[in-house]
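Student: turn this into a structure:
(one chain, ligands or ions: 1)
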Amino acid sequence: MTTNNLFGQTESQLHKILADQGEPAYRAQQVFAWLYKHRTAHISGMTNLPKTLRDRLQGQFTIQRLDRFQKFPSNDGSIKYVFQLEDGHSIEAVYMVMRKGITLCLSSQVGCAQACSFCQTAQMGFIRNLKPEEIIGQAEAITRDQEVEGPFNVVMMGMGEPLLNLPNLIKTLDVLLHPDGFDLSPKRVTVSTSGHVRNLLELAKYPKLPRIAISLNASNDDQRNELMPVNERWPIAELLDACRQLPIPPRDRITFEYVLLGGINDSVADAKRVVKLLQGLRCKINLIPFNQTPQLPYQQPLDQAIEAFHQVLERAGIINTIRWSKGRDVGAACGQLATPIPKPGARIHPIAPQV
Ligand code: SAH
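Tutor: Reported below is the predicted structural model:
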């Protein structure tokens, strides 16, 4: 283990840590539950461990959660959280109140390497992968801050490409889905990808497959190459082939996200091509009207274009929803998450949570 932070460790990692201390396996289960179910902030609070073990652990380990953040509440009830990380970088996550309950949109990387031309996060470039404690930490801090009780939903739709941080995404799932962890059903967790096919098929081997969302965003390869460079490596046909292989449970569907860019990919001809592409796939489509981001040369689609696109999908019998992103007034909407990059050597001071 390269860190002495117990927070972010999976149960099997804790097994190893406690076995090294000469402790039986059930101690790992106890520590795991203290960290994620009871949310203990101090090792001294793990009261069913012998005092001698607690003292020993305290000498070697800490519990370090994401405690430095700022909040930006939106008029629509959602809240953007900006977390300061240890190395001075920041990441963003969004708390949303939706019809199906509380939903948290979490980041998987600082910045993003995918270079999608319409997305603000892409402008940051790729900085680094988030560690499991930093991904899980977003969920832990927000649910603690908002006093969320009971199950909530997670969408991995914040900054970064989750499938390019697959080992840490898997560790995050190990904690979120564990009955002694956050105890979320896999149906409550959605992993969204720009379409990294090999890693998508790798994730498909995970025993509790979360929901999958694919950012399609175009109706043919030429268009998608322009908008999403990942398409040059993994073109639409290969991506959809992989989708057909996913072991999606019988009553579930893959979600396709389609950002409507005015005059670019929002024509009726585009909609008809999308229908053709998705033929035979158990899926639904989220149509996301483009959210304005500074310096990007795209326009919101016209209302008539949105409606016409929607109607083509309807007539083809494809379940689809027009998704007006939440939190647009505080830069918390799809494609708007980005933070300034700190200057080298910049010191980060703790920031008290503010309402
Ligand atoms: N990298 C992953 C996770 C990010 S999800 C992925 O691409 O799926 C973020 C979603 O917001 C993606 O579906 C993306 O297509 C969409 N998006 C990006 N920029 C946007 C913008 N300016 N307006 C609306 N949606 C946008």
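
Student: name the residues of this structure found near the ligand, please.
Tutor: Residues of the chain found near the ligand (CB under 6 Å from any ligand atom) are 114, 118-119, 157, 161, 192-194, 215, 217, 257, 259, 288, 290-291, 293, 334-335. (Glycine included, C-beta is placed from N, CA and C.)

Student: in strands, which of those fall?
Tutor: Those of these mapping onto strands are 192-193, 215, 257, 259, 288, per DSSP state E.

Student: farthest-apart pair in those, please.
Tutor: 193 and 288 (15.3 Å; CB to CB).

Student: and residue 20, how far from residue 180?
Tutor: 21 Å (CB to CB, to the nearest Å).

Student: looking at those two, which one has more neighbours?
Tutor: Neighbour totals were compared for residue 20 and residue 180, and residue 180 leads with 16 against 10 (other CB atoms under 10 Å).

Student: just the pLDDT for that one.
Tutor: pLDDT for residue 180: 97.

Student: so it makes contact with residue 30?
Tutor: No: with contacts defined as CB atoms under 8 Å, residue 180 does not count as touching residue 30, sitting 9.0 Å away.

Student: which stretches of the chain form strands?
Tutor: With strands called from DSSP E, the chain shows them at 69-73, 79-84, 90-98, 101-105, 109-111, 126-129, 153-156, 189-193, 211-215, 254-260, 283-289, 319-322.

Student: now residue 193. Nearest residue, chain neighbours left out?
Tutor: residue 163 (4.7 Å; CB to CB, 6 or more residues apart in numbering).

Student: list the contacts for that neighbour?
Tutor: 169, 191, 193, 196, 199-200, 203 (CB atoms under 8 Å, 6 or more residues apart in numbering).

Student: just the closest of the residues you listed to the ligand, please.
Tutor: The closest of the contacts of residue 163 to the ligand turns out to be residue 193 (CB to the nearest ligand atom; 5.1 Å).

Student: surely the closest one and residue 213 touch.
Tutor: Yes: at 7.3 Å, residue 193 counts as touching residue 213 under the criterion of CB under 8 Å.

Student: if you count surrounding residues, which of these two has more?
Tutor: Set residue 193 next to residue 213 and count neighbours by other CB under 10 Å: residue 193 wins out with 24 against 20.

Student: how about the contacts made by that one?
Tutor: Going by CB under 8 Å, 6+ apart, residue 193 touches 161-163, 199-200, 212-215.

Student: where along this protein do the helices fall?
Tutor: Remark: helices assigned in the chain by DSSP state H are 11-20, 25-36, 51-60, 132-145, 166-176, 197-203, 221-227, 230-233, 236-245, 268-277, 303-315.

Student: out of the ones you listed, which one sits most buried?
Tutor: Highest mean neighbour count among these (mean count of other CB atoms under 10 Å): helix 132-145, with a mean of 23.
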